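*Asks:* here is my input, please return the structure:
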Amino acid sequence: MARAKKIRLKPTVLMLLEGWGIAPAGEGNAITSAKTPTLDKLASRYPTASLIAAGEAVGLPAGHSGGSRVGHVVIGTGQVWQHSLSLVNEALGSEDFNKQEIFETIKQKLEQGSRLHFIGLLSSAVNEASFDHLRTLIEDFKNKNLLVDYFHCILDGRDASPTAGQRLVAEFEDYLKNEAAGKIATLLGRSYALDEKYNFARLEKARDSLILRQGKEANSTAEAISDSYEKKIFDEEFAPTVVDAGQAIGENDVVVFWNHSGRSIIPLLEKMKKNLPQALFVSLNFYGVPEVVSLVKTDIRQQSIGSLCAAKGLRQLRLSDSAGFPGVASWLDGVNDVNEKVDRKLVPTRPELSIVDGAIATIKEIKKQFNEALQEGIYDFIAVTFSQPDFVSHNADFNSVVKVIEELDETIGLMIEALELVGGGALVVGTHGSAERLIDPVTGLASKEHSSNNVPLYLVGAPFEGYNLGWPETIGGDLSILNPIGSLIDIAPTILYLLDIKNIKLPGKNLAVL
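*Replies:* Model prediction:
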């Protein structure tokens, strides 16, 4: 079998494609429907493979799809993701959990007239919040004689079906009636309440509905949802709506956030804290926000590609648009501060443009800044994230996704050409699937959810041209027929090999040699 020569590639580039999975050609697959001559060419010239990006292989529960955060963390640390869902599952109800002083503090505030509010994502997916966690918290608080007054529910529509909220809210209200456990006071779509890009206009509408009872009003949750769906406004874009039974969150109240992942709810929390400085804010899990008490502390610190490169004195660059910047600038490096040798360049999104035109504009700007970085010649390791396939898949129609895929394919080709001219190499890899599954194969309906499909890997560089490294051969460029050669945990050891960083033990395997 052919074997690649051992060589250090400078720079070594990790090019991450969010929402780029593998599936057979067919209705709903924007990737195979698009013209992708660059990736077709890479598959014919360089080792190309399929990797597992979901389920137990990356640390998720069996059958669960991956996502941007999971993909980046697993790739960056070379470890399966220590899922906050599982860690919180273990902690809830434990002796250490029940002994916490915060419960006595909450009790004292309620005795003084404060109200108890719960806020979080109500979703059939478990990427950020779990219905089971919510029920467990309600029952645990009730057993401690801490009764919840009001619930403020965020509808999903991104990781779950765009209309799942109607069923979930009805089920939750039935549960609350049976448990005599408070009422739903506010409904909000995640595009308002869970805005990682800090769209202040949307966040302020969410905040004002919660603390001022401003915005749309409805006599019941059923009325609010029915009216919104009739206007073709579904869960993700559901306008903040105050339900008749609810009350605003007051300045001395207690606010508990039930999301096990804080990544998208932190901006809203920070907005609320600023306006309610006397309120007591509590999070289910550790969010890393000052003066917010966490019921479960699962802050995990691991070594990462970034920290290992930094320890060797290697110069690094992180590059992405603002939608993908948390992935490449934070999640990829775990939670480590890797040191001043890491430069971070953020390409702002263009809110004045349409979704598609804005995505294409940021793709072009990333290419420009990447080429400028190559010309500087100072970087050993560059990580670039393209969030556009995933972002547009969640927010646009099929033809728009195809257009963005084709633009990105052309851009990758130009970036690879520039990289080859300076003697560098790249791993081009998907973080999770989405754009290849825009129609649910079971229901036949449009889908905005992430998929559990495998993702592609292209190993690009002069030393590897013409080799297959023993990987399964692609036939006709169809990656969907390939058995996976590994999972995302194998990317980190492969990068360390290309950078000639030795004697680091990671669970994954180096894919660049037999």
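
*Asks:* so where's this protein uncertain?
*Replies:* For the chain, the stretches flagged by pLDDT under 70 are 1-7, 83, 196-198, 245-246, 299-301, 334-340, 514.

*Asks:* how's it carved up into domains?
*Replies:* As assigned by automatic domain parsing, the chain contains the domains 12-82+301-498, 84-294.

*Asks:* dump those into TSV; add mean neighbour count and distance to Lys509 as well.
*Replies:* C-beta here means a position set from N, CA and C on the backbone, and glycine is covered the same way. Below are these laid out as TSV (neighbours: other CB atoms under 10 Å; distance: least, CB to CB, whole Å):
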stretch	mean neighbour count	distance to Lys509
domain 12-82+301-498	21	5
domain 84-294	19	24
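
*Asks:* between those domains, which one is nearest to Leu506?
*Replies:* For Leu506, the closest of those is domain 12-82+301-498, at 3.9 Å, according to CB to CB.

*Asks:* make a markdown table out of the domains of the chain and add distance to Ala512.
*Replies:* Below are the domains of the chain laid out as a markdown table (distance: least, CB to CB, whole Å):
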| stretch | distance to Ala512 |
| --- | --- |
| domain 12-82+301-498 | 5 |
| domain 84-294 | 31 |
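
*Asks:* what's the closest of the ones you listed to Leu511?
*Replies:* Closest to Leu511 of the domains of the chain, according to CB to CB: domain 12-82+301-498, at 4.7 Å.

*Asks:* which residues in the stretch 1-150 of the chain form strands?
*Replies:* 12-17, 48-52, 116-122, 150-155 (DSSP state E, counting those that start in this stretch).

*Asks:* now render those as CSV, adding distance to Asp357.
*Replies:* What follows is the strands of the stretch 1-150 of the chain, written out as CSV (distance: least, CB to CB, whole Å):
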stretch, distance to Asp357
strand 12-17, 20
strand 48-52, 31
strand 116-122, 30
strand 150-155, 28
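
*Asks:* which among these is found nearest to Val455?
*Replies:* Val455 sits nearest to strand 48-52 of all the strands of the stretch 1-150 of the chain, at 5.4 Å, using CB to CB.

*Asks:* and the next element down the chain from the helix or strand harbouring Gly306?
*Replies:* Gly306 belongs to helix 305-311 when assigned by DSSP states H and E. Next along the chain after helix 305-311, taking DSSP H and E as the criterion, comes strand 316-321.

*Asks:* can you list contacts of that following strand?
*Replies:* 306, 309-310, 325, 327-329, 332, 338, 341-349, 362, 365-366, 369-370, 373, 379-388 (CB atoms under 8 Å, 6 or more residues apart in numbering).

*Asks:* now with 7 Å, please.
*Replies:* Strand 316-321 is contacted by residues 306, 309, 327-329, 341-347, 349, 362, 366, 369-370, 373, 379-385, 387 when judged by CB atoms under 7 Å, 6 or more residues apart in numbering.

*Asks:* just the C-alpha atoms of that strand, please, in CSV.
*Replies:* Written as CSV, here are the backbone C-alpha positions of strand 316-321 (Å, rounded to 0.1, in the frame of the first residue of the first chain):
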residue,chain,number,x,y,z
GLN,A,316,-1.4,30.5,15.1
LEU,A,317,-4.3,32.2,13.4
ARG,A,318,-8.1,31.7,13.9
LEU,A,319,-10.3,33.1,11.1
SER,A,320,-14.1,33.1,10.7
ASP,A,321,-17.2,35.3,10.2
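
*Asks:* one step back: among the strands of the stretch 1-150 of the chain, which is nearest Gly93?
*Replies:* Per CB to CB, nearest to Gly93 of the strands of the stretch 1-150 of the chain: strand 116-122, 17.2 Å.

*Asks:* just checking, what packs against that closest one?
*Replies:* On a contact count with 3 or more CB pairs under 7 Å, 6 or more residues apart in numbering; DSSP states H and E, strand 116-122 meets strand 150-155, helix 164-179, strand 254-257.

*Asks:* compute the inter-axis angle for it and helix 164-179.
*Replies:* Strand 116-122 and helix 164-179 are oriented at 150 degrees to each other (axes from the mean of the first three to the mean of the last three CA atoms, to 10 degrees).

*Asks:* so what's the gap between strand 116-122 and the chain middle?
*Replies:* 21 Å (CA atoms, centre = their mean, to the nearest Å).

*Asks:* please name the strands paired to it in the sheet, noting orientation.
*Replies:* Paired neighbours of strand 116-122 in the sheet (DSSP bridges): strand 150-155 (parallel), strand 254-257 (parallel).

*Asks:* how about residues contacting the longest helix that the chain contains?
*Replies:* Ranked by residue count under DSSP state H, the longest helix found in the chain is helix 398-421. With contact meaning CB under 7 Å, 6+ apart, helix 398-421 is reached by 13, 15, 30-31, 33-39, 355-356, 359-360, 363, 367, 370-371, 374, 386, 388-389, 392-393, 426, 428, 435, 438, 460, 462.

*Asks:* if we compare the domains of the chain, which one ends up closest to Val513?
*Replies:* Closest approach to Val513 among those is made by domain 12-82+301-498 (7.0 Å; CB to CB).

*Asks:* next one: the closest one to chain centre, how far?
*Replies:* Distance of domain 12-82+301-498 from its chain centroid, counting by CA atoms, centre = their mean, is 13 Å.

*Asks:* now do it: distance from first to last residue.
*Replies:* 7 Å (CA to CA, to the nearest Å).

*Asks:* do the same with stretch 333-344
*Replies:* End-to-end for stretch 333-344, by CA to CA: 12 Å.

*Asks:* go on, stretch 26-35?
*Replies:* Per CA to CA, stretch 26-35 runs 14 Å from first to last residue.
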